[in-house]
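J.: from the sequence below, what's the structure:
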Amino acid sequence: MALLSIVSALPIKSRRVQAQAQGGAAQQARSYLDIPVNIEAPVQPIAVKGDDGKWNISYHLFLTNWSFSHLMLKSVEVMGEGSGRILARYEDKELSDFYRFRSLIPTPPRSQMPNRIYPRQIDSGRTGVLFFWLKVDTPGLIPSVLRHRFVFESNPLINVLRDSVSGRGGDMTLDNFKVSVGKDKPIIIGPPLRDGPWVCGNGPAYNTDHQYLTLVDGKVRIAQRFAIDFKKVDAGGNVLPSPFPDEITNSMFYGYGAEVLAVTDGVIASVKDGLPENVPQASGEIKPAVPITHETIAGNWIGIYLGKSLYAFYAHLQPGSIRVKVGDKVRRGQVIALLGNSGNTVGPHLHFHIGNANSLNGSEGMPFVFDSFKVVGQARRHVLELPLNNRMVRFR
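T.: Numbering: from 1, shown residues only. Predicted coordinates for the structure are as follows:
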């Protein structure tokens, strides 16, 4: 018989006594066999070599509070399994960083938080997301397994049985959560644009606006984890001639109308065209030509199936410039569209990323490396590396 049916069948007096007992228990400490938190690793990270010469390991964890009271995250350590080498330690300052840790919806906007500092607290029944971006110096130091130690502040309403978890100074410690590092190599691709210089705006890093959670079809993802906004600039790093007038146009931007290229051989899997372009504002304000929705946020865009469940996505293209249709086979270096200013954009640029499903925002972002590029100001050519945030690069 269901619990609800049992309670309903009790005499009125018995039900009242039971309710009073339950209410009193809610004010007392509760015992658990372990810390009442459920931790999940939605993705298996893959190490990718950045243009800084280091191997970058990016992933996130979901922490759900299953207790009747709040959990306050005090610190997190990440170690290589076996070696015990600490790869990262996050404490109060790092965990109060919006880009490092946050509670999920309905977290208020940053502008509405006191001093724009986000709490480390996970309320009862809520989930927090913790973002990791680790770096190791050589491939030989990439661990096959990452071990995590979570320390939560003591809470008198949560009585942890100390023989099941380690404890120190009254804190609650969980020190054996593991994440395997994938053995696959990032896909090797060619350039999505010619020449340059191109600034990698919002490029790969833990603290850019591309590190946001997308909720599509009932699942939370970080679709744009390794995304790059390519903006063509002059020697001074300006995207259009400076000083510029109070009223600017798309055609003033150096990158506007640049030919967009297929990064490797593939098959066109998705095409969105026909959305009008925005009029750029000298103030930097975004004034979208159409309301921003799931359907319009990327503007006009293309998805190319690259094989092995990988898709290359190109967004904010010029309307009417797309030269391919779904099902077309394309070759590396083939012109597929022109760079534009459609969708959620402050000005003309090419948004590019790779995902693991045929959905621009409904897939997990996957790492990639370019076969060759140069960083402006450096003599060496970067081979099989990923340009990181705000790098100024040139392609052949």
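
J.: which parts of the stretch 51-200 of the chain are helices?
T.: 92-95 (DSSP state H, counting those that start in this stretch).

J.: can you list the low-confidence ranges for it?
T.: For the stretch 51-200 of the chain, applying pLDDT under 70 flags the ranges 105-118, 161-169.

J.: repeat that with 90
T.: For the stretch 51-200 of the chain, the stretches with pLDDT under 90 are 67-70, 81-85, 96-99, 102-121, 123, 154-176.

J.: strands of that one, residue ranges please.
T.: Taking DSSP state E, counting those that start in this stretch as the criterion, the stretch 51-200 of the chain carries its strands at 55-65, 71-80, 86-90, 101-103, 121-122, 127-136, 145-152, 158-160, 166-168, 171-180, 187-189, 198-201.

J.: what are the pairing partners of the fourth one, and which direction each?
T.: Read that as strand 101-103. Paired neighbours of strand 101-103 in the sheet (DSSP bridges): strand 127-136 (antiparallel).

J.: for the partner strand, which outside residues touch it?
T.: With contact meaning C-beta atoms under 8 Å, 6 or more residues apart in numbering, strand 127-136 is reached by 45, 47, 50, 52, 54-65, 73, 76, 78, 87-88, 90, 99-104, 122, 142, 146, 205-206, 211, 213. All C-beta spots, glycine's among them, are computed from the backbone N, C-alpha and C.

J.: only whichever of these are buried, select them in ChimeraX.
T.: Written as a ChimeraX command, the selection of buried residues from the contacts of strand 127-136, which uses 16 or more other C-beta atoms under 10 Å, is:
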select :45,47,50,54,55,56,57,58,59,60,61,62,63,64,65,73,76,78,87,88,90,99,100,101,102,103,104,122,142,146,205,206,211
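
J.: and of the strands of the stretch 51-200 of the chain, who's closest to residue 264?
T.: Across the strands of the stretch 51-200 of the chain, residue 264 has its closest neighbour in strand 187-189 (5.1 Å, C-beta to C-beta).

J.: adjacent strands (with direction) for that closest one?
T.: Applying DSSP bridges to the sheet, strand 187-189 is found paired with strand 368-370 (parallel).

J.: right, and the helix or strand after the strand it pairs with?
T.: Next helix or strand after strand 368-370 toward the C-terminus (DSSP states H and E): strand 373-375.

J.: let me see the contact set for residue 40.
T.: Counting by C-beta under 8 Å, 6+ apart, residue 40 has contacts 61-62, 64.

J.: what is the nearest of those residues to residue 242?
T.: residue 61 (42.7 Å).

J.: partners of that closest one in the sheet?
T.: The bridge-partner assignment for residue 61, based on DSSP bridges, gives residue 130.

J.: how about it, what does it touch?
T.: 39-41, 129-130, 132, 148, 177, 179.

J.: wait, which of those is closest to residue 248?
T.: residue 129 (37.1 Å).

J.: and of the contacts of residue 40, the nearest to residue 160?
T.: Closest to residue 160, out of all of the contacts of residue 40 and judged by C-beta to C-beta, is residue 64, at 16.8 Å.

J.: what pLDDT does the residue nearest to the spatial centre of the chain get?
T.: Nearest residue to the geometric centre of the chain (C-alpha atoms, centre = their mean): residue 211, 3.2 Å. We note a pLDDT of 89 for residue 211 in this prediction.

J.: again, but for the one 10 residues further on
T.: The predicted local distance difference test score for residue 221 is 91.

J.: list the contacts for the closest residue to residue 363 other than its chain neighbours?
T.: Among residues not flanking residue 363 along the chain, residue 355 sits closest, at 3.1 Å (C-beta to C-beta, 6 or more residues apart in numbering). By C-beta under 8 Å, 6+ apart, the contact list for residue 355 reads 223, 310-311, 313, 363-366.

J.: wait, what's in contact with residue 125?
T.: If you count contacts by C-beta under 8 Å, 6+ apart, residue 125 has them with 64-66.

J.: closest to residue 186 among these?
T.: Using C-beta to C-beta, the shortest approach to residue 186 within the contacts of residue 125 belongs to residue 64, at 30.3 Å.

J.: where's the closest one relative to residue 315, distance?
T.: Using C-beta to C-beta, to the nearest Å, residue 64 is found at 32 Å from residue 315.

J.: picking up where we left off before, can you list the strands of the stretch 51-200 of the chain in CSV and add distance to residue 270?
T.: Below are those laid out as CSV (distance: least, C-beta to C-beta, whole Å):
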stretch, distance to residue 270
strand 55-65, 25
strand 71-80, 36
strand 86-90, 36
strand 101-103, 30
strand 121-122, 36
strand 127-136, 27
strand 145-152, 34
strand 158-160, 47
strand 166-168, 49
strand 171-180, 31
strand 187-189, 18
strand 198-201, 23
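
J.: can you get me a residue count around the residue nearest to residue 331 when sequence neighbours are not counted?
T.: Spatial nearest neighbour of residue 331, chain neighbours left out: residue 265 (5.5 Å); criterion: C-beta to C-beta, 6+ apart. When neighbours are defined as other C-beta atoms under 10 Å, residue 265 has 15 of them.
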